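> sharing a sequence plus its predicted fold:
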Amino acid sequence: MATIEPYQLKNGAKRYRVRYRTPDRKQTDKRGFTTLRDAKTFAATVEVDKLTGSYIAPTAGTVTIGDLAKHWKASLIDTSASWQTRQESLWRVHVEPQWTHWRVNKITTGEIQAWINKLASPDKAPAPLSPKSIRHIVGVLAGILDVAVTNRHLITNPARGSLRLPRVVAVEKNYLTKDQVKDLVAEVPERYKPVVWFLVTSGARWGEMAALRPKDLLGNNRVRLARSYSKNNNSAVLTDLKGHEARTVVIPPQVEAMLQQQAQGRGLDDLLWEAPRRGGSLRPPKAGHWLSEACARCHTIDNTFPSKLTAHELRHTAASLMISSGAHVKTIQRQLGHKDAAMTLNQYGHLFDDDLDSISVAIGAALF
C-alpha cells in the first residue's frame with residue numbers, strides 16, 4: 001500500500017510525499033502535494049490503477065510526440081512504399097510543426113479538435129485543406145499516439161476520441177455505357193486498345209494491369225493478378241496487390257485473344273506492356289495524353305460522353321457493366337478484389353437500383 005509522509009521545503013512550507021510500489025514491485029514516489037487530501041487522492045488512484053491494469057508511470061507521459069514518431073515510422077513496415085512516403089510527408093509538413101515538442105500526457109481531445117478546426121478553417125492560408133487530407137493528417141497523429149498507448153505512455157488515445165472531422169463529399173464517378181466503351185476504343189491509339197479492353201472487362205486496377213506477364217495468362221479466359229505497380233514519388237515500385245492476396249479474373253475470349261497476341265515473342269517473365277519510349281512499366285495517362293485526347297474527341301461527337309475520364313474510371317466502368325449484366329455481388333467482389341461484398345455495395349450499390357422494379361413485380365406476382 002502507498003504511504004504518505006510530510007516534509008518541509010527550505011522556505012518552511014509543508015508538502016507531502018507519496019511512496020508506493022509500481023506493478024513490477026519497484027519502489028518510487030511522487031512529491032510536491034500541497035495538501036494531505038491531494039496526496040491521499042493520488043495514493044488511492046495509484047492503487048486502483050494497479051489493480052485494474054491501467055497504471056501509467058508519472059514520468060512515462062513526459063515523452064514527446066517527436067520521440068514517438070521515430071517508433072511510429074519504424075512500424076510502417078507492412079505498408080507499401082508509396083503509402084510510407086505519403087505518411088512521412090504528412091508528418092513532416094502538417095503534424096511535426098504543431099506537435100513534435102508536445103508531451104503526450106499534455107495533449108487532449110479538445111486541443112486536437114482545435115487544431116482540426118484550424119486546418120479546415122476558410123481563413124487558413126493559402127487555403128483550407130480538403131476533408132480527405134485532414135482525415136489522413138489526423139490519422140498520422142492518431143497512429144503516433146497509438147504507439148504511446150502500446151508502449152504504456154498513455155491509457156487512451158485522445159486522437160481516437162469523439163473528434164468531429166469535416167465530411168468527405170463523395171466524388172461522382174464516370175461510368176461508360178457499352179456503346180461508349182466501343183467509341184472510346186475506336187479513338188485510342190492502336191497500342192492501347194488491348195489495355196482499355198482489358199481494364200473495362202476485368203475491373204483490374206491500372207497498376208495490376210501494368211505488372212502483367214505472359215505467365216499470368218492462364219488460358220480458359222482467366223488471368224492471374226499477383227502483383228502491382230504503385231507510384232512512389234517519380235518512380236514505379238513493384239508490390240503485391242492492394243489486399244495482399246493474388247486473385248484470378250475472367251475476361252471475354254476476344255480480350256484473351258488480344259492478350260495472347262500481345263504476349264507473342266515475349267519471355268514468360270517479361271512485362272506484357274512496356275512504356276513506348278523509356279521502357280519499363282506503363283504509367284497511368286496524365287491530362288493531355290492519349291486517354292484524355294480520346295475522351296475529348298468522343299465528347300465532341302457525343303456530348304453525353306464524359307469530357308474527362310481517368311484510367312481508374314475504366315475500373316468503375318467494368319463494375320457497372322458487370323452489374324448491368326446481372327452478375328451476383330459476390331462475383332463482382334471477387335473480380336474487383338474487394339475485401340468483402342459490403343465494400344462493393346458501398347461503392348456501387350446505387351447501380352443496383354434497377355433491381356427494385358423486378359422485386360416489386362415478383363412480390364406482386366406472388367401475392368396477387
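Received, thanks.

> report the longest helix in the chain, please.
Longest helix of the chain, by residue count under DSSP state H: helix 131-150.

> how about the strands in the chain?
3-8, 14-21, 27-33, 217-219, 222-225, 228-232, 235-239, 247-250 (DSSP state E).

> how about CSV for the ones you listed, with mean pLDDT added?
Shown next, in CSV, are the strands of the chain (pLDDT from 0 to 100):
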stretch, mean pLDDT
strand 3-8, 91
strand 14-21, 89
strand 27-33, 86
strand 217-219, 94
strand 222-225, 94
strand 228-232, 81
strand 235-239, 77
strand 247-250, 92
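
> Leu291 is nearest to which of these?
For Leu291, the closest of those is strand 228-232, at 16.4 Å, according to Cβ to Cβ. Every C-beta, even on glycine, is put in place using the N, C-alpha and C of the backbone.

> and the closest one, which strands flank it?
In the sheet, strand 228-232 lines up against strand 235-239 (antiparallel) (DSSP bridges).

> could you dump the strand it pairs with to PDB, C-alpha only?
Extracted C-alpha coordinates of strand 235-239, given in PDB (Å, rounded to 0.1, in the frame of the first residue of the first chain):
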ATOM      1  CA  SER A 235       9.200   6.100 -59.700                       C
ATOM      2  CA  ALA A 236       7.100   3.000 -60.100                       C
ATOM      3  CA  VAL A 237       7.500   0.400 -57.300                       C
ATOM      4  CA  LEU A 238       6.500  -3.300 -57.800                       C
ATOM      5  CA  THR A 239       4.500  -4.500 -54.800                       C
END
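
> just to revisit the earlier point, include mean neighbour count and distance to Val46 when you put the strands of the chain into CSV, please.
Formatted as CSV, the strands of the chain follow (neighbours: other Cβ atoms under 10 Å; distance: least, Cβ to Cβ, whole Å):
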stretch, mean neighbour count, distance to Val46
strand 3-8, 11, 11
strand 14-21, 17, 5
strand 27-33, 14, 8
strand 217-219, 13, 64
strand 222-225, 18, 56
strand 228-232, 20, 48
strand 235-239, 16, 48
strand 247-250, 17, 53
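
> quick check: which of those is nearest to Ala210?
strand 228-232 (4.6 Å).

> quick check, distance from stretch 95-114 to the centre of its chain.
23 Å (Cα atoms, centre = their mean, to the nearest Å).
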